[in-house]
Each structure stands twice: as C-alpha cells, then as structure tokens.
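A.B. asks: sharing a model prediction with you, sequence too.
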Amino acid sequence: MSSEDLIFFELHGSAPITDGLRAAIGDAGFMLVQRTRRDVAGASGDEAAGRVLDLLGRGAGIVESSGEIVWMNHGLATQAPETMRRFADACVEAIGVWRRAKQLPVASMRSTFRSLGCWFDVVMTPLARHDQEEQEVEGAVALLVDATATHQVHERLDSIDAAGTDLLSFDAEQLRALNSAERLRLLEERVVAQTRAILGFDHFEYRLTDRRSNQLELVFCSGLVPLGIGERLFAKSEGNGISGWVASTGEGVICADVSQDARYVGGLPGARSALTIPLRLHDRVVGVFNAESSELGAFDDGDRVAAELYGRYVALGLNILDMLVSERVATNRDVAATIQKEAAGPLEAALREARLLTASTGLDPTLRTSIERILENLECTEERMRNAATGPKTVLGIEQLLREGCVDAAFVGKSVLVVDDEETIRKTVELVLAQHGCDVFPCTTGVSAIAAIRDRARGGQRFDLVISDVRMPDANGYEVFRAAKDASKDTPVILMTGFGYDPHHSIVRSSQEGLHCFLFKPFQVSQLIDEARKAMQQRV
C-alpha cells in the first residue's frame, strides 16, 4: 500500500458520539485507517467518521462500565449475540483495570476470546470524562478483530513444536538395541507420519547434501517418484531443479504453477505446484524439503514457515543419529586399538616362545603337534585383532575359512556380482565366494555394476546373487538394487555398509522393495556365507 493510500480522518463536530470518539482516540483527534480514498469519497464530518468505523475489523463499538453497548457500527451489529456479549465483557474488564490505575492517560488494552469456533481480538481504548478537578474512565471504545487465522497459525506452530519434541525424544535403551538402518527407519516412520498429520502434505521428500560430492541424497520420500538410475541432483543453482537452487542459495521457493518455472524437475505425476525449503542445522543448510501437489497454488507462506520450522527438527534428528553412529565408530576403533596395543606385547612373547619350541629337536610328535596348533591360534588371534582395529575395511574370520578351503555344493556354478569401490573388501568377498565354487564378477563402481546387470539381461541371463556396497562415488546401493530387480525381480540382493548410517536411504528403501539382507562392516565371513546361501536357496 502506498503512502497515498494512508488517509487520516480528523474526527470533529459537536455530536455526542463524535465527541466521545475524539476523547477515546486521544487528544490528537485523528485515526489512521488503511483504506483507499474511494472508500470514503464524498463523506465528511460525522458521516466520514462513521464510514471509517464501518471499515474497521469485524466491528467497533462504545461500551459503558455497566456492560451496555451504547453505540456500535454495522459490523458489530451483525455479530452473534454470544460474540457481542464476550466483546462487552472484555471492555468491562478493561474499564475496571483502568479505574484501578487511578491515573490518566492509561494505555490501550487487548483481550482475546473464542466464540462459535472463531478467535477474536478486542482492542480497547479508555473513554474518559474530563472535568476540571478529576478525570474518570466511563467506558471504552473497542475494535473487534477476527484473529482466527492468526490463532490457527499459532496452533499449527505449537503442534509442530510438540511433534518436533516427540521426534527427538529417543529412548536410549531402544536406540542401543537398534543398528544404524533400524534407527533411520524408526526416524523415518515418525517423520513421514508427522509431515502428513502436522503439515498436511501427502507428497514430499527430504534430501541431505553429501559434503564430499555436494549431491542431494534422498533420505525420506512419500508419494513422489524417485529419480531414475543415474539421475542426480546437486546443491547447485543451475540445472539441478528447484531443490538444487534452494540448497545452494538457502532461500525457500513457493511455486504456484510448476509449468511456469523452468527449474522444476518432475517428482509427482501431474504436479501443478510445489514448495521447496532449505533444511537447516543451526545456521548451515544441510539439505532440502520438497512437497508437491496436483492443485495450483496449493502452498502459501504459512506452509513455508511451518515446513522450515519442522525441517529444523528433522535435521536435528538426523544429526543425532549421525553423531551416535560416529560415536560408535570412534568407540569401536578406540577399544580395538587399545586392546591390540595392550595385547601386542604378551602375544608377541607367546609367539616367540612357541616358535622356539617348534624349532627344537627331539620333541615328542604329539607335543610338537600341540605346540604348532598353539602357534597357529596365536597367529590367528593377532590377525583378527589387527582386522578388528582396521574397522569397516575388512572381513572378520577370513583366515580360518581360507585355510579350510571347502567347496559348497550350494555355491557351485552360481554367478555372483560383487560391487565395492573398496579394494580389500571386494577382493576378500570375491576370494571367499570363488573358493566356495561361485563364478564371481567383481565391479569397482556402481555404474559398471549396473551396466553388467543390463548387459546380462539383454542376453537373456541374470545373476544368481548381487552383493553391493551402499556408499560409492558414482551410483549408490539402491540404484544397483533397483537395476538388479528391474532385470529380474527374483534376483536376491545383499547390501553392505559401514558403521555410518545410510546416507542414500538405500537400505531402508531397498528393504521395503525386497532386499534380502544388509551386512554391517566389518562382518564375519561366516555371516556372509550364511546369508549368500539363504539368498540363493530362496531364489531356487
């Protein structure tokens, strides 16, 4: 509204109501009303004052200390009796407060009440009698304002605050019993349910920014079609949809008509409007929230504010899980390193003595055999402690299995695709499965694995089992899983991941769509063999 639209109406004249209004409004003798000139064109004096009051709020009136409304404008006259009574009661209460103050001028007051499902604010100014000796408040001039929309916003924000508190109310014992993927799934259930119930959105997704690659990784999704295999969104302002622009600039976008925004990348079939806001952890943008609707103009500023507030709770929840995982990694590594360091001396001494004994001549054959077994077990213990300290980059129990060298009939001739950009894990899994009789096809990247799956499918063949890491630089575990299932829905898939929570949501999403199982590194080689056997037997 321009300055020309702000009109000052001086209240003047000799009529009692006008005199009362002058006293109520103040010695300045004017009101500021945000209406255009045409609203009161041609009016003057009492007529102009009355016209102004008809334009204010849901009604205006003068109330005496008895509670009688001695004057009201048309707006107030049309209100329900219950609303008018509550309006008068608020004025009487204010008059009592002003009288007890025993000093003029006194400040205007505001009161709030609910009537017939609506919220109202009453703004009251004292109406005083001015004598030479004293001044006394006789009544109130009051304005009735419909505050329903404001209170609905407050109620919505209160609901979001309560939901956010519930979201972050993790039970320590419960979390301790869950692995990383199960914790993320628990958080997902809460987030999806609350986003629907509190924000009122049905089609949405949460994405986090990978700090290494700047890629916007899908974490939670409901009702939107995921990006195709090989498609990526990055936190960049150009060529990465509205989400990329929001993640890079930190500014939310309300898109009333997606057909008019060249940045829009489809997520909901038939979408017509979208809301995209940044997810913030303290002052840092860590991802985006995107909601879409099949209706034009489905989102407003209230939705934006609500989504931004709730998004902070989601970011905090994910950060808590991440910190728990990081703590577990650090603790496991510290404990393993400490044990390895403390045991290194005694183990080395025991190994030295065992080797000296085996080098001795004239030992009883039975005793020599026992000493050799002791030496073998000591060497195995040393190797396992070293592997445990290495963390997710190793497979536990590999030495004994390789020494046994057994071929399993359930594995003979089975084709297994092994995908991991970590060489040690990839070669170890390959070696173990090959020793058991599998035909192993190793891949160092997710993209090459997807290509291998599709090439085999074009030839009318399929892998008997796909084992893939979750976190790879080019294609994530879910994309490998999806490619395998697209080629053949009967192909079992096992996903491997380190201690860290699944940043691509691969495990949770794949589990919902038929994942056989997931293994947390470092895992026991016996667990790998057992799960691989189960997977291939189920396929048969």
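C.D. replies: Yep, that arrived.

A.B. asks: domain assignment for the chain?
C.D. replies: 3-146, 152-323, 328-390, 398-539 (automatic domain parsing).

A.B. asks: got TSV for those, with mean pLDDT too?
C.D. replies: Shown next, in TSV, are the domains of the chain (pLDDT from 0 to 100):
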stretch	mean pLDDT
domain 3-146	68
domain 152-323	87
domain 328-390	75
domain 398-539	84
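
A.B. asks: ok, now how distant is the most centrally placed residue in the chain from residue 288?
C.D. replies: The structure's the chain has its C-alpha centroid closest to residue 314; by CA atoms, centre = their mean the separation is 3.3 Å. Counting by CB to CB, to the nearest Å, the gap from residue 314 to residue 288 is 11 Å. Where C-beta positions appear, they are placed from N, C-alpha and C, glycine not excepted.

A.B. asks: who touches both of these two?
C.D. replies: Jointly contacting residue 314 and residue 288 under the rule CB atoms under 8 Å, 6 or more residues apart in numbering are 206, 279.

A.B. asks: all helices for the stretch 101-250 of the chain, in order.
C.D. replies: 148-167, 172-176, 180-194, 241-249 (DSSP state H, counting those that start in this stretch).

A.B. asks: how about residue 85, what does it touch?
C.D. replies: Contacts of residue 85 (CB under 8 Å, 6+ apart): none.

A.B. asks: for it, phi and psi?
C.D. replies: Main-chain torsions, residue 85, degrees, to the nearest 10: phi -70, psi -40.

A.B. asks: one more: residue 355?
C.D. replies: Torsion angles, degrees, to the nearest 10, at residue 355: phi -70, psi -40.

A.B. asks: quick one, what contacts the nearest residue to it once chain neighbours are set aside?
C.D. replies: Spatial nearest neighbour of residue 355, chain neighbours left out: residue 375 (6.5 Å); criterion: CB to CB, 6 or more residues apart in numbering. The contact partners of residue 375, taken as CB under 8 Å, 6+ apart, are 351, 354, 355, 358.

A.B. asks: following element in sequence after whichever strand or helix holds the last one, please.
C.D. replies: Yep, that's residue 358 we're talking about. In the assignment (DSSP states H and E), residue 358 maps to helix 301-359. Remark: after helix 301-359, the chain's next helix or strand is helix 365-390, criterion DSSP H and E.

A.B. asks: what about that next one, distance to the chain center?
C.D. replies: Helix 365-390 sits 49 Å away from the centroid of its parent chain (CA atoms, centre = their mean, to the nearest Å).

A.B. asks: how about stretch 67-80?
C.D. replies: 48 Å.

A.B. asks: then stretch 227-239?
C.D. replies: That offset, for stretch 227-239, works out to 19 Å (CA atoms, centre = their mean).

A.B. asks: so which bits of that stretch are buried?
C.D. replies: 227, 229, 233, 234, 235 (16 or more other CB atoms under 10 Å).

A.B. asks: quick one: contacts for the closest residue to residue 166 other than its chain neighbours?
C.D. replies: Distance criterion CB to CB, 6+ apart; nearest residue to residue 166, sequence neighbours excluded, is residue 190 at 7.2 Å. With contact set as CB under 8 Å, 6+ apart, residue 190 has these partners: 166, 167, 317.
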